[in-house]
Every structure is written in structure tokens, then in C-alpha cells.
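Participant: Fold the following and give me the result.
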Amino acid sequence: MTMLAIVHAMPTREKAASAESTRFDGLSDALLDWYSAHARDLPWRIGPAQRAKGIPADPYRVWLAEIMLQQTTVPHAARYFEAFTRRWPTVVDLADAADADVMAAWAGLGYYARARNLLKCAREVVERGDWPRTETGLRELPGIGAYTAGAVAALAFNQRAPAVDGNVDRVFARLLAAKGEWKAEKAVIASLVRDLVPADRPAEFAEALMDLGATICTPKRPNCLICPVRSWCAAQAEGEPERYPIKPARKAKPLRRGDVYVVLRSGDVMTQTRPQNGLLGGMLGLPTSDWLEDGTPEKPDWLPDSARPIGEVRHVFTHFELQLSVFRLTSGTVPGNPGWTPVDDAEKALPSVFRKALKLAF
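Facilitator: Numbering: from 1, shown residues only. Model prediction:
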């Protein structure tokens with residue numbers, strides 16, 4: 001039996017320990033040496049030189065960045081991070097912010113439950129008086145899962161904690177040439193990473209893995225020739241690193257359909273605050289019909305019979321795709337006293353799906 005087969009045959013924790021003491025001996029040192037020379041300069045990061053001087057990381061900035069980076073690219077998140085930290089430079093400032101202001105500032109980052117949990121978490125931290133310093137304590141806060149708890153514990157408090165995200169999963173799936181059922185392989189990877197975290201430099205180890213996955217061990221065309229851990233990589237030895245990770249095929253997302261109404265009046269657009277519970281909860285939105293997988297959305301009574309859509313927009317949510325027919329109307333067709341927002345403000349505050357409709361209307 002090969003060493004790789006032995007590793008995969010052992011229980012998860014024993015497997016990781018065996019792998020660290022045999023196949024992966026020296027990997028952490030090689031990775032950290034590479035990181036010291038090639039660390040990315042990111043607005044929320046304390047770099048190797050600063051850490052060497054004993055400059056501590058700000059847990060607020062670490063946490064805020066990690067929440068923003070979920071399902072978001074670094075360049076996109078960086079713009080929001082800099083805007084947030086200018087406006088709310090501390091967790092106390094964020095906890096004191098109005099919900100509507102934070103939701104508007106979040107618009108465009110997507111996955112809006114994160115913004116609601118952001119406020120809940122900030123307020124709980126302030127109520128507690130400080131941040132928990134351990135993975136276990138951080139997991140008790142709203143919106144903080146296993147990865148974020150590990151990342152904040154390691155990066156902000158230099159705890160010997162693993163931070164295993166999609167990038168790290170990909171790196172270790174290749175190191176192991178993991179061919180088993182993906183859920184089981186992820187458990188192996190999480191255990192292995194935990195055992196590899198060096199006691200003296202856990203923060204830099206976490207950042208080094210993040211940088212390796214983001215810049216070298218990329219999903220497509222990984223640059224194995226300059227990879228600092230290529231000598232430990234079973235996938236590179238096979239010559240097929242892009243084959244990994246081997247995940248189950250994704251199920252097709254259901255398609256929902258509906259209508260969205262862009263109602264204009266002298267430079268303003270009709271808007272409404274969406275219900276707190278549900279998709280895009282608490283966000284500023286445009287009036288819409290129901291979003292249905294089957295059937296025809298019901299039109300509002302105020303919509304003229306002659307009204308026809310000017311086009312369609314599509315948007316992908318976590319669990320479904322949405323196709324909206326866009327109607328462009330004037331305020332004369334709308335009864336009552338609806339809410340209005342200047343178009344320029346709406347372009348900044350509306351979630352992406354509604355910004356697409358507004359753009360089409362113009």
C-alpha cells in the first residue's frame with residue numbers, strides 16, 4: 001500500500017497527523033518563507049514586517065474584511081472595506097449606525113443576510129465589551145461560521161486556529177490528490193490544516209495559504225513552476241492539478257420569473273424598503289410582483305393595461321435564478337403616496353438586481 005493510500009485509510013484526525021509527520025514535514029516552513037517575500041498588500045492586513053515589530057491586528061478590520069470577502073473578489077471587497085472603515089472606523093461606530101445606512105452602504109456586495117448579521121454581531125460585541133479571542137467564542141457571534149471564526153482567531157489574536165475556505169480546500173485537495181467523496185475529503189483537509197498550523201506564526205500561515213490559493217494555486221492554470229509547496233503536491237506529480245478538487249456536479253438552479261416596475265418622477269424613482277425577513281430583507285428596492293417558478297405574476301391594479309415591458313434582466317441568487325420583466329412608467333400611473341429616491345442615490349443604494357432594472361430603464 002502506498003503512503004497516500006495509508007493516509008486515506010486512517011480515521012480523519014490520525015490521517016492528518018500521519019500526513020503531517022511524513023509527507024508534509026517542512027511544508028509550513030517553506031510556505032512561510034515564500035509568504036515573507038510575496039505577501040499581498042491588502043488594506044485590512046498586518047503584513048509580515050509589521051507583525052515582526054509586534055504591531056497587532058485590529059479584530060474589527062479582520063472580521064469586517066472576512067465577512068465582505070465571502071462570495072466576493074478582493075478588488076470588489078476592498079472598495080467597500082475602505083468606504084465602511086472611513087465611515088465607521090470602529091466596531092462601536094458600526095454598532096451605533098442606523099440599519100438603513102448600513103444596508104445602503106452594503107448594496108452591491110450581495111448576500112444581504114451578511115449585512116444584517118454584521119450589525120447584530122457588532123452590537124453584540126459592544127454589549128459584551130470586547131471580542132471573544134477563541135474559535136469557540138467567536139462562533140457564538142451572529143454570522144460567524146467555522147471559517148470566519150478560525151480566520152479571526154488566527155489573524156486577529158494569533159491563535160493556533162485553521163482558516164479553511166475554498167482556496168485552502170483547493171490547495172489541499174491538490175496536495176493530497178483527493179479523489180474520495182468531497183464531503184469526507186473536506187473533513188480530512190480541515191483536520192490536516194489544523195495540525196499543520198505552526199504555534200509561533202498562525203496568522204501568517206493562514207494568510208500564506210490564502211495568498212497561495214489566490215495567486216498561484218488558482219482554479220485554472222495553476223502556476224506549479226513557482227509554487228513553494230510543489231514538492232509535496234500529489235496532483236502536480238500526477239500532472240493534472242486542474243483536475244482537483246473533484247466535487248459533485250452542481251444541480252441546475254430553478255428559474256423564477258416576475259415583474260419589476262421602474263416608476264420615474266422628475267429625477268426620482270419610486271422605491272420601497274423590503275420586509276426585514278426574506279430575500280434582500282431591509283434593503284431599498286423597486287416595486288415588484290411576486291417571483292414565481294410556475295404561473296404568471298399578478299399585475300398591480302395601477303398598471304395600465306397598455307403597459308408593456310421594455311426588456312428583461314437576469315440575476316443569480318444562491319438558490320435560484322431570477323428573470324424580471326422591466327416596466328418603465330411615469331408617476332402619473334401610481335396611486336397614493338409612494339416613497340421616492342433620487343435616481344443618483346438609488347443607483348448607489350439599490351441591490352444589484354434592481355440596479356440592473358434601473359439601468360435598463362435608462
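Participant: which ones are touching the spatially closest residue to G258 that is not a sequence neighbour?
Facilitator: Distances taken as C-beta to C-beta, 6 or more residues apart in numbering place W291 nearest to G258, at 4.1 Å, with adjacent residues excluded. In this view, the C-beta of every residue, glycine as well, is placed from N, C-alpha and C. Residues in contact with W291 (C-beta atoms under 8 Å, 6 or more residues apart in numbering) are R256, R257, G258, P297, L322, L324.
Participant: Can you verify L31 is assigned to a helix?
Facilitator: Yes: counting by DSSP: H, G, I helix; E, B strand; the rest coil, L31 is part of a helix.
Participant: Show the model's pLDDT score for it.
Facilitator: On the pLDDT scale, L31 is placed at 96.
Participant: for it, what are its contacts?
Facilitator: Listed by C-beta under 8 Å, 6+ apart, the contact partners of L31 are F205, A208, L209, L212, P228, V229.
Participant: I'd like the distance between the last one and R201.
Facilitator: Spelled out, that is V229. 16 Å (C-beta to C-beta, to the nearest Å).
Participant: Quick check on these two: which one has the bigger neighbour count.
Facilitator: Neighbours around V229 and R201, counted as other C-beta atoms under 10 Å, are more numerous at V229. The numbers are 24 against 21.
Participant: Could you list the single helix or strand in the protein with the lowest mean pLDDT?
Facilitator: Every helix and strand of the chain was ranked by mean pLDDT, DSSP states H and E. The lowest is helix 3-9, at a mean of 42.
Participant: does L322 sit in a helix, a strand or a coil?
Facilitator: L322 - assigned by three-state DSSP - is strand.
Participant: What's the separation between it and P228?
Facilitator: 43 Å.
Participant: can you check L69 too?
Facilitator: Distance of L69 to P228, given as C-beta to C-beta: 23 Å.
Participant: What's the end-to-end length of stretch 66-83?
Facilitator: One end of stretch 66-83 sits 15 Å from the other (C-alpha to C-alpha, to the nearest Å).
Participant: do stretch 341-358 as well
Facilitator: First-to-last distance for stretch 341-358 - C-alpha to C-alpha - comes to 12 Å.
Participant: repeat for stretch 266-275
Facilitator: With C-alpha to C-alpha, one end of stretch 266-275 sits 27 Å from the other.
Participant: With stretch 127-136 instead?
Facilitator: End-to-end distance of stretch 127-136: 18 Å, with C-alpha to C-alpha as the criterion.
Participant: residues of it that come out buried?
Facilitator: By 16 or more other C-beta atoms under 10 Å, the buried positions in stretch 127-136 come out as W131, P132, E135.
Participant: likewise stretch 236-253?
Facilitator: Residues of stretch 236-253 classed as buried: Q236, P241, Y244, P245 (neighbour count, 16+ other C-beta under 10 Å).
Participant: Now flag whichever of those is closest to A163.
Facilitator: Within these, the smallest distance to A163 is 17.3 Å, found for P245 (C-beta to C-beta).
Participant: The spatially closest residue to the closest one that is not a sequence neighbour: what's it in contact with?
Facilitator: In this structure, P245 finds its nearest non-sequential neighbour in A173, 3.5 Å apart by C-beta to C-beta, 6+ apart. Shown in contact with A173 (C-beta under 8 Å, 6+ apart): E185, I189, A235, Y244, P245, I246.
Participant: let's see it at 7 Å
Facilitator: Shown in contact with A173 (C-beta atoms under 7 Å, 6 or more residues apart in numbering): E185, I189, Y244, P245.
Participant: okay, it: pLDDT?
Facilitator: For A173, the predicted pLDDT is 95.
Participant: Run the chain-centre distance for the helix or strand hosting it.
Facilitator: Using DSSP states H and E, A173 maps to helix 166-176. The chain centroid and the centroid of helix 166-176 are separated by 18 Å under C-alpha atoms, centre = their mean, to the nearest Å.
Participant: Kindly report the same for stretch 78-91.
Facilitator: 17 Å.
Participant: what comes up buried for that stretch?
Facilitator: A78, Y80, F81, F84, T85, W88, V91.
Participant: Could you do stretch 317-330 as well?
Facilitator: Going by neighbour count (16+ other C-beta under 10 Å), the buried part of stretch 317-330 is L322, L324, S325, V326, F327, R328, L329.
Participant: Give the helix, strand or coil label for the fifth one.
Facilitator: Read that as F327. strand.
Participant: Please name the residues that touch it.
Facilitator: Residues in contact with F327, defined by C-beta under 7 Å, 6+ apart, are D259, Y261, V262, A307, P309.
Participant: if you set the cut-off to 10 Å instead, what comes out?
Facilitator: By C-beta atoms under 10 Å, 6 or more residues apart in numbering, the contact set of F327 is 259-263, 287, 289, 299-300, 303-304, 307-311, 333, 357, 361.
Participant: Many thanks, I have nothing further to ask.
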